[in-house]
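Q: Here is a sequence with its predicted model. Questions after.
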Amino acid sequence: MAINKRKVFQVVFSLCFMIGTTLAHFTELPIKIPGLKIPSNPSVRVLDIETFEDWAWASFYVGIFYVFKFLLVGGLLEITNPIPKTLYRTKMMKKQIYMGLWALFFVITTTTLFFWKVEKFMPYYGYYETHSFGIKEFLLNIIVYMFCFDTWFWFTHILFHHPFLWKHVHVFHHQFVEPTAFGQDAVHPLEAIVQGPFGHFMCTLFYPMHPVAHSVFGLLTSFFAIFAHDGRWDPNFHIAHHHYNDVNFGLYWGFWDKIFGTRYNPTKHGVYKPTWERNDQGLSLLKNIENKERSK
Ligand SMILES: [Zn+2]
Ligand SMILES: [Zn+2]
């Protein structure tokens with residue numbers, strides 16, 4: 001029986017969501033990291049940031065963690081990806097790493113800035129200090145988070161395809177027709193902030209999110225996006241978006257794409273094949289690019 005990789009990934013991803021968020025119940029650990037203030041009650045917030053110094057330390061630690069994850073997971077996926085490692089691909093990969101690290105700087109500092117300056121003004125701030133967080137709230141947290149993030153992502157993504165924003169912002173991400181796992185964060189800083197922290201915190205306007213579960217969702221979503229750009233476990237077929245430019249604008253699933261008719265459809269768009277699998281035509285294209293790189 002053939003295994004549908006996409007279905008397997010969807011199941012694994014959902015399981016990770018559940019396992020990760022169950023850990024939300026066991027977070028009162030006495031962790032001491034110099035400069036980093038982890039509150040004794042994580043059901044209100046995950047980080048105590050009250051001064052510029054707190055913000056700088058928190059950004060430093062969260063940044064180190066995300067950079068490490070970006071390089072480690074991206075590196076492991078790229079090493080194990082059977083796609084031919086042409087000079088062109090290596091050059092693009094380096095570009096994606098450079099752009100990704102730059103974008104991460106903006107994503108992390110904006111996120112910690114939100115914790116410092118905005119979080120306490122959110123309508124449901126501190127909700128789980130006085131309310132229990134059981135299985136029902138946990139499942140609703142997952143649904144609300146994924147729906148809000150996906151909705152925000154879809155509509156802002158469509159905006160980024162407006163000719164003006166495309167030319168000045170989004171084209172930086174679309175220059176990679178076949179991105180590597182490092183392609184997830186290879187975006188313009190404006191896009192990184194809008195589709196990262198803004199999308200992540202959008203749900204806190206509408207529903208009480210458990211701070212730890214919420215942070216775990218953010219981390220898992222970044223993993224999801226890394227895998228999507230690697231292309232082998234890409235449940236929402238994001239690679240088709242890079243290939244055709246006008247399909248699959250969603251993040252996790254094709255909900256809004258189906259409603260607005262922008263879902264990839266093999267009979268309409270043709271069967272997708274990556275360049276390296278398009279036999280003679282694709283390989284000769286890669287060889288041409290490679291020869292040009294060599295002759296430079
Ligand atoms: Zn796009
Ligand atoms: Zn992409």
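A: Arrived safely. Predicted model, so just to flag it, every value in this text is computed and none were measured. Ligands and ions are numbered 1, 2, ... in the order given.

Q: residues near the residue nearest to A225 when sequence neighbours are not counted, how many?
A: Leaving out its chain neighbours, the residue that sits closest to A225 by CB to CB, 6 or more residues apart in numbering is Q184, at 4.2 Å. C-betas here are computed from N, CA, C, even on glycine. Applying other CB atoms under 10 Å, we find 25 residues neighbouring Q184.

Q: so Q184 sits right up against G100, yeah?
A: Yes - Q184 sits in contact with G100 when judged by CB atoms under 8 Å, with a separation of 7.1 Å.

Q: The closest residue to S59 other than its chain neighbours and Y61: what is the separation?
A: Spatially, and ignoring its direct neighbours in sequence, S59 is nearest to T112 (4.6 Å; CB to CB, 6+ apart). To Y61, T112 is 9 Å away according to CB to CB, to the nearest Å.

Q: Compare these two (neighbour count), which wins?
A: More neighbours surround T112 than the other of T112 and Y61, with 23 against 16 (other CB under 10 Å).

Q: In terms of helix, strand or coil, where does that one fall?
A: When classified by DSSP: H, G, I helix; E, B strand; the rest coil, T112 comes out as helix.

Q: Y128 and F201: what is the separation?
A: For Y128, the distance to F201 equals 16 Å [CB to CB].

Q: Likewise for W116?
A: Spatial separation of W116 from F201 under the definition CB to CB is 13 Å.

Q: returning to what we had before: mind pulling up the pLDDT for the residue nearest to A225?
A: Among the per-residue scores, Q184 shows a pLDDT of 92.

Q: Pull the number of nearby residues for R45.
A: So R45, with other CB under 10 Å, has 19 neighbours.

Q: any idea how far the closest residue to it other than its chain neighbours lies from F106?
A: Spatially, and ignoring its direct neighbours in sequence, R45 is nearest to P211 (5.3 Å; CB to CB, 6+ apart). Using CB to CB, one gets 22 Å for the distance from P211 to F106.

Q: Between those two, which is the more surrounded one?
A: P211 (25 against 19).

Q: correct me, but that one touches D48?
A: No - taking contacts as CB under 8 Å, P211 lies outside contact range of D48: 11.5 Å.

Q: Can you report phi and psi for the residue nearest the centre of the chain?
A: The centre of the chain sits closest to S222, judged by CA atoms, centre = their mean, with a distance of 3.4 Å. Comment: the main-chain dihedrals of S222 come out as phi -70, psi -40, following degrees, to the nearest 10.

Q: Only alpha carbons, please: show stretch 139-149 as PDB.
A: Listed in PDB are the C-alpha atoms of stretch 139-149, where the atom choice follows Å, rounded to 0.1, in the frame of the first residue of the first chain:
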ATOM      1  CA  LEU A 139      -8.600  21.800  21.700                       C
ATOM      2  CA  LEU A 140     -10.400  25.100  21.200                       C
ATOM      3  CA  ASN A 141      -7.000  26.900  21.500                       C
ATOM      4  CA  ILE A 142      -5.700  24.800  18.700                       C
ATOM      5  CA  ILE A 143      -8.700  25.400  16.400                       C
ATOM      6  CA  VAL A 144      -8.800  29.200  17.100                       C
ATOM      7  CA  TYR A 145      -5.000  29.500  16.700                       C
ATOM      8  CA  MET A 146      -4.900  27.700  13.400                       C
ATOM      9  CA  PHE A 147      -8.000  29.300  12.000                       C
ATOM     10  CA  CYS A 148      -7.000  32.900  13.000                       C
ATOM     11  CA  PHE A 149      -3.400  32.400  11.800                       C
END
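
Q: contact partners of it?
A: Residues outside stretch 139-149 that contact it (CB atoms under 8 Å, 6 or more residues apart in numbering) are 17-18, 21, 199-200, 202-203, 206-207, 209-210, 213-214, 217, 221, 251-252.

Q: Narrow these to just the buried residues.
A: In terms of neighbour count (16 or more other CB atoms under 10 Å), the buried residues within the contacts of stretch 139-149 are 17, 21, 199-200, 202-203, 207, 209-210, 213-214, 217, 221, 251-252.

Q: and these, which two are the farthest apart?
A: With distance counted by CB to CB, no two of the buried ones among the contacts of stretch 139-149 lie farther apart than H210 and L251, which are 21.0 Å apart.

Q: how about stretch 128-144: buried residues?
A: Of all the residues in stretch 128-144, those buried under the rule 16+ other CB under 10 Å are 128, 133, 137-138, 141-142, 144.

Q: quick one: low-confidence parts of the chain?
A: Judged against pLDDT under 70, the low-scoring parts of the chain cover residues 1-3, 5, 7-10, 14, 17-32, 275-290, 292-296.
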